[in-house]
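Undergrad: Below are the sequence and a predicted model for it; my questions follow.
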Amino acid sequence: MKTKYQVLILEDDPVIVEQLAGFLEQTGLFDHPFICSNTMQAISVLRQHFVDLMILDMVLPDVHSFELLKLFPQRSPTIAISAHPQ
């Protein structure tokens, strides 16, 4: 039985990353998350590791996170977040 889940956080705002990682750590359910600040880092992680959950900032400077979902359509449950009002 799996004791801890793997999670990928794709977010370019370090304050939001810290809050998300802290929350996940407090639950006791997750290993240390894979933290990515851009889509290319996330692609590299996803090619090398299985993750149980992805938390994706939908508005990034390099590539929209929907592009990542197109590359890995059946990868993992995903939570989409954005600090932008639109």
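TA: In hand now; what should we look at?
Undergrad: List the contacts of the worst-scoring helix or strand of the chain on mean pLDDT.
TA: The helix or strand of the chain with the poorest confidence is helix 65-71; it has a mean of 79 (mean pLDDT, DSSP states H and E). Contacts to helix 65-71, defined as CB atoms under 8 Å, 6 or more residues apart in numbering, come from residues 10, 39, 42-43, 46, 56-59, 75, 78, 80. (Each C-beta comes from the backbone N, C-alpha and C, glycine too.)
Undergrad: and the helix or strand just after that helix, how far from the chain's centre?
TA: Next along the chain after helix 65-71, taking DSSP states H and E as the criterion, comes strand 78-81. A distance of 8 Å separates the centroid of the chain from that of strand 78-81, by CA atoms, centre = their mean, to the nearest Å.
Undergrad: what's the answer for stretch 15-26, then?
TA: Stretch 15-26 has its average C-alpha position 12 Å from the chain's average C-alpha position, going by CA atoms, centre = their mean.
Undergrad: list the buried ones in it?
TA: Neighbour-count burial for stretch 15-26, counted by 16 or more other CB atoms under 10 Å, picks out 17, 20-21, 24.
Undergrad: Can you add pLDDT and secondary structure and give the residues you listed back as TSV?
TA: Formatted as TSV, the buried residues of stretch 15-26 follow (pLDDT from 0 to 100; DSSP: H, G, I helix; E, B strand; the rest coil):
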residue	pLDDT	secondary structure
V17	95	helix
L20	95	helix
A21	95	helix
L24	94	helix
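Undergrad: circling back: so which of the contacts of helix 65-71 belong to helices?
TA: Secondary structure defined by DSSP state H assigns 39, 42-43, 46 of the contacts of helix 65-71 to helices.
Undergrad: where does this structure dip in pLDDT?
TA: For the chain, the stretches flagged by pLDDT under 70 are 1-2, 84-86.
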